[in-house]
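Enquirer: quick one, fold the following:
(3 chains)
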Amino acid sequence: MSETTETVPGRAVGPAASLELWFRVLRLYTDYTELLDEKRLTEWLGLFEDDCRYTAISRENADAGLPLAMMRCEGVPGLADRVNAIENVSVYAPRTMRHLFSGLRAHHTAEPDLLSVEGSFIVAQSLSEEHTEVYASGRYRDLVRDDGATLRFAEKTAVYDGALVKNAMVYPL
Amino acid sequence: MSETTETVPGRAVGPAASLELWFRVLRLYTDYTELLDEKRLTEWLGLFEDDCRYTAISRENADAGLPLAMMRCEGVPGLADRVNAIENVSVYAPRTMRHLFSGLRAHHTAEPDLLSVEGSFIVAQSLSEEHTEVYASGRYRDLVRDDGATLRFAEKTAVYDGALVKNAMVYPL
Amino acid sequence: MSETTETVPGRAVGPAASLELWFRVLRLYTDYTELLDEKRLTEWLGLFEDDCRYTAISRENADAGLPLAMMRCEGVPGLADRVNAIENVSVYAPRTMRHLFSGLRAHHTAEPDLLSVEGSFIVAQSLSEEHTEVYASGRYRDLVRDDGATLRFAEKTAVYDGALVKNAMVYPL
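Expert: Below you'll find the predicted structure:
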């Protein structure tokens, strides 16, 4: 992070403009979680750049610098494949995922149109007729492109804290 | 939603004014969750319009268009009856509910003083001397009246994701 | 609270300035949860005043006015002792805590540079190779000093809702 300039809402934060930027970032994560949980997956794909990278990786592997990830998708086509799998795999018990997040912060990077964004998440899982339970917690470590009008994910990395062995992970974090 | 104009914090969001509106909505949900969890229920009733409708319904029934709801109250008198039941039913083991929410968004509807508001919630339950556990997750699909000074719930619909069979639901979501 | 003037984001909230203040408070809690969960504990200590008081107390004891608290630290030296214990106690199974919060509100108190801040939290715990589970939920009831540039905790009180018997509490809430 030594090359970045912290803007929102960090410890060396500037004037009111940063509140506006934070609010734009908030919108992106509001869209991300809502479209994902409501299974509006085609619209959800629109939040990513064409050549984005999506990674879900355990904290242990991330901290150790190991590349082994639970889920890795290259570009919107890769993510779209995953979306199609979600929508068409009938052996997968129907469930609802619910994402909550807090503590979003954004930094400008050395690239003027690229933001480094972090935030914490928790995901609850509800299988049909069963209790709701915690599925995962973790932290987003993302790169977000700002073309002046729209924010989109250039890289989305969801670092989850525990083990995800309850069932094969199909949904993105 | 085709009749609504998206304002905050959606994908076609306007200028700074929308941040102000979002902040007013945030206050309402801050009040709603705090007053409910702290059992300040008389003040909590003041967040609803006199002829409000409160509904807690499972996602399965909501998605299927089934009217069967776990809890349905008509107007503040109906909600007040529920509040009295909560405060006076001694057979009900004491517990603390804790609501967290994120991803609030608001749209203007065709009625100029009426907002459509959505957001995600998770509720943790703690029985006396017992561990805290997830009670429910879900999504608010609400209508909020703006009289220019104050926001109040015209309709509050809490769509919960899983089964709520741990004990009879007494507290609102 | 009768001596306080409610400013953000409560029911008698004033003009735009309060949004700015709320955003400054949001930054403080963003820092608090991020630095704690990422185990950047020396930086985390910098969020407290030198003579701060940190308390983690059960809701039962807090409501009853009982002084018995699970954790009580006097001043940054006391907190630093705790931090050293966390970093050096090798018998303690490694784990990741993840804090989420929502519903922050701030009031001015009778002291012009002192804010009363409340908000709700939930903490998820992940032991190595194990599932993520709810560790605690509760409410912050804090006093925050504003020196005009920086907000720091003068008193931090985390009131947790349930029992914390899963293992000895080492991490602050």
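Enquirer: nearest residue to whichever residue of chain A sits closest to chain C other than its sequence neighbours?
Expert: Residue of chain A nearest chain C, by Cβ to the nearest Cβ: A:G162 (3.2 Å). In short, each C-beta sits where N, CA and C put it, glycine included. The shortest distance from A:G162 to any non-neighbouring residue, by Cβ to Cβ, 6 or more residues apart in numbering or on different chains, is to C:S126 (3.2 Å).
Enquirer: wait, doesn't the one you found sit right on A:R139?
Expert: No. Applying Cβ atoms under 8 Å, one finds C:S126 not in contact with A:R139, separated by 11.6 Å.
Enquirer: could you pull out the strands for chain A?
Expert: A:5-8, A:48-58, A:71-74, A:95-108, A:114-127, A:132-146, A:151-160 (DSSP state E).
Enquirer: for the residue lying closest to A:L173 once chain neighbours are set aside, give its distance to B:L21.
Expert: Leaving aside its chain neighbours, A:L173 sits nearest to A:A158 (3.7 Å; criterion: Cβ to Cβ, 6+ apart). As judged by Cβ to Cβ, to the nearest Å, A:A158 and B:L21 stand 30 Å apart.
Enquirer: which one of those two has more residues nearby?
Expert: It is A:A158, of A:A158 and B:L21, that has more neighbours when counted by other Cβ atoms under 10 Å in any protein chain shown, with 23 against 18.
Enquirer: let me see the contact set for the nearest residue to A:D81 once chain neighbours are set aside.
Expert: Sequence neighbours aside, A:C73 is the residue nearest to A:D81 in space, at 7.6 Å (criterion: Cβ to Cβ, 6+ apart). Each residue near A:C73 by Cβ atoms under 8 Å, 6 or more residues apart in numbering or on different chains is listed here: A:53-55, A:79, A:81-82.
Enquirer: from A:N61, how far off is A:C73?
Expert: 17 Å.
Enquirer: same check on A:R24?
Expert: From A:R24 to A:N61 the distance is 31 Å (Cβ to Cβ).
Enquirer: quick one, which of those two is more surrounded?
Expert: Per other Cβ under 10 Å, whichever of A:R24 and A:N61 has more neighbours is A:R24, with 20 against 14.
Enquirer: quick check: the residue of chain A nearest chain B.
Expert: A:S126 (3.1 Å).
Enquirer: hang on, that residue packs against A:V134?
Expert: No. If you go by Cβ under 8 Å, A:S126 and A:V134 don't touch, sitting 11.1 Å apart.
Enquirer: phi and psi next, for the spatially most distant residue from the centre of chain A.
Expert: Computed with Cα atoms, centre = their mean, the maximum C-alpha offset from the centroid of chain A is found at A:E129, amounting to 27.6 Å. Torsion angles at A:E129 (phi, psi; degrees, to the nearest 10) stand at phi 70, psi 10.
Enquirer: how about the longest helix seen in chain A: buried residues?
Expert: If you go by DSSP state H, chain A has its longest helix at helix A:17-37. By neighbour count on 16 or more other Cβ atoms under 10 Å in any protein chain shown, the buried set for helix A:17-37 is A:18-19, A:21-37.
Enquirer: for chain B, what are the nearby residues on chain A?
Expert: Contacts of chain A with chain B, taken as Cβ under 8 Å from any Cβ of the partner chain, map to A:19-20, A:23, A:26-27, A:29-31, A:33-34, A:37-38, A:96, A:98-102, A:122, A:124, A:126-134.
Enquirer: contacts only, for A:D147.
Expert: A:D147 touches A:D113, counting by Cβ under 8 Å, 6+ apart.
Enquirer: ok, now how distant is it from A:E49?
Expert: 9 Å.
Enquirer: one more: A:V117?
Expert: 14 Å.
Enquirer: next one: A:S137
Expert: On the measure of Cβ to Cβ, A:S137 and A:E49 end up 27 Å apart.
Enquirer: tell me which of these two has more neighbours.
Expert: Using other Cβ under 10 Å as the criterion, A:S137 and A:E49 rank with A:S137 on top: 30 against 16.
Enquirer: check what pLDDT the more buried one gets.
Expert: Model confidence at A:S137, given as pLDDT, is 97.
Enquirer: so what pairs up with it in the strands?
Expert: A:I122 (DSSP bridges).
Enquirer: list the contacts for it?
Expert: A:120-123, A:160-162, C:96, C:98, C:100, C:124, C:126, C:132.
Enquirer: 7 Å instead?
Expert: With contact taken as Cβ atoms under 7 Å, 6 or more residues apart in numbering or on different chains, A:S137 is in contact with A:121-122, A:161, C:98, C:124, C:126, C:132.
Enquirer: what's the farthest-apart pair in those residues?
Expert: Spanning the widest gap among the contacts of A:S137 are A:F121 and C:S126, at 12.8 Å by Cβ to Cβ.
Enquirer: can you pull out the low-pLDDT segments for chain A?
Expert: A:1-17, A:90-92, A:165-170 (pLDDT under 70).
Enquirer: if we use 90, what do you get?
Expert: A:1-18, A:20, A:67-72, A:81-95, A:107, A:112, A:127-131, A:163-172 (pLDDT under 90).
Enquirer: was I right about A:L104 contacting A:V25?
Expert: Yes. Here A:L104 reaches A:V25: they are 5.8 Å apart, a contact under Cβ atoms under 7 Å.
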